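Colleague: A predicted structure for the sequence below; I have some questions about it.
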Amino acid sequence: MAQKKSGGTGGDAYKTLADSIKAGQIGCFYILYGDERYLLERSLGELRRRLCPDGLDGFNYKRFEGKDITAAALNDAVSTLPAFAERTMVELRDFDIFNNSEKAKFAELFSDLPEYVCVACVYDTVEFKPDGRLKADKEILKSAQAVEFTTQNRGMLVKWINRHFKDAGKSISEADAEYLILITGGYMGALHSEIEKIAAYASDVQVARSDIDAVVVPVLDAVVYKLTDSIVRGEYDGAMRILDDLFRMREPPQKIIFNISLKMRQLLAARICFENSLRESSLSEICGLRHEFQAKLLMDTARKATLKGCRAAVLLCSDAAYALNSSPDPEARLVELITKLAFVGLWGGVPR
């Protein structure tokens, strides 16, 4: 049967889905996936509340999990008429409909779902990876309203953060809201949890940067950004203190070198963009950055570096990563790398 499609991906698709749920215009088949789990689970919760007002223990809600879901079991579930309600909801959790032996049967089943049922296929730990070249995959996607939940843009997140602090009786500046996004990774689930902790800790109505630093443990990417920025600005002691913090956080050396190398490659890309008068949007596209303010931070740092220094830094990271894998003391190799990067960041040359 024909269904109204939500269309698109990211924020537009999420907004379309949210509007359709609010209006009671709920389709028969959804595929929900993406990195922003907070929005995904919130949308799924709204679907449940709309379709199952009596709760999830009732007759009209069925949930299947894992790779052992069969077409026959799903057919039985979607063929069962709702009891004392307009519709039933069938939730498939972590089931890869594009990678199983009964894919053709599922494609046929999804193409003709009854109007009284809503199937929600949720990709959590399983990767959403359809093959657009295959007939069955194309048929499944044609029947579905596929919605990708991506991290939200800076403006939306800043407003959302302000609203949640206001609900807690607090306020926060735009700069500190952006800082909070940076050190948490920008995912709304993590932000929601940290906002609660910060609001409980802050003694004044206006949240201060010191309140954030007191209770929030920054994600590795944010720590590495601070480290590389310290190197470029010539603050070597600060860079070493940050590296020591990473050691005390018990981050694996291989993970640290990976993130430092990634940041240096991004810094090189930023410097190339700067040299060629390219905008931050170009850098975001090249590096696959989730937030525009990340590109702005990289461009600001790149302006203080040199192209020669950035290239040398990338090569040093590559050499260090190779040496670290066979070193009996990987932490010492990281200290050595930071020392060399500090010299490169200040002078733009390779240390002898």
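Modeller: That came through, no problem.
Colleague: Just give me the neighbour total for the nearest residue to residue 330 once chain neighbours are set aside.
Modeller: Excluding the flanking residues, the one nearest residue 330 by Cβ to Cβ, 6 or more residues apart in numbering is residue 253, at 3.8 Å. Glycine gets a C-beta too; all of them are placed from N, C-alpha and C. Neighbourhood size, residue 253 [other Cβ atoms under 10 Å]: 19.
Colleague: Okay, residue 253 and residue 314: tell me how far apart.
Modeller: 19 Å (Cβ to Cβ, to the nearest Å).
Colleague: residue contacts, residue 261?
Modeller: Residue 261 makes contact with 314, 317-318, 321 under the criterion Cβ atoms under 8 Å, 6 or more residues apart in numbering.
Colleague: With residue 36 instead?
Modeller: Contacts of residue 36 by Cβ under 8 Å, 6+ apart are 149-152, 187-188.
Colleague: Export the residues you listed to a markdown table and append columns for pLDDT, secondary structure and neighbour count.
Modeller: Formatted as a markdown table, those follow (pLDDT from 0 to 100; DSSP: H, G, I helix; E, B strand; the rest coil; neighbours: other Cβ atoms under 10 Å):
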| residue | pLDDT | secondary structure | neighbour count |
| --- | --- | --- | --- |
| 149 | 92 | coil | 26 |
| 150 | 88 | coil | 16 |
| 151 | 84 | coil | 20 |
| 152 | 85 | coil | 24 |
| 187 | 91 | coil | 20 |
| 188 | 94 | helix | 23 |
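Colleague: name the element the spatially closest residue to residue 174 that is not a sequence neighbour belongs to?
Modeller: In space, and not counting its chain neighbours, residue 174 is closest to residue 158: 5.8 Å by Cβ to Cβ, 6+ apart. Residue 158 belongs to helix 154-167 when elements are defined using DSSP states H and E.
Colleague: Thought residue 178 was touching the residue nearest to residue 174, still the case?
Modeller: Yes: counting by Cβ atoms under 8 Å, residue 158 sits close enough to residue 178 to count as a contact (6.6 Å).
Colleague: about what we covered before: quick check: of the contacts of residue 261, which lies closest to residue 203?
Modeller: Checking those against residue 203 by Cβ to Cβ gives residue 317 as the nearest, at 42.1 Å.
Colleague: How much space separates the closest one from residue 104?
Modeller: Distance, residue 317 to residue 104, using Cβ to Cβ: 47 Å.
Colleague: out of the contacts of residue 261, which are buried?
Modeller: Neighbour counting with 16 or more other Cβ atoms under 10 Å marks 314, 317, 321 as buried within the contacts of residue 261.
Colleague: Go through the chain and flag its longest helix.
Modeller: Counting by DSSP state H, the longest helix found in the chain is helix 253-275.
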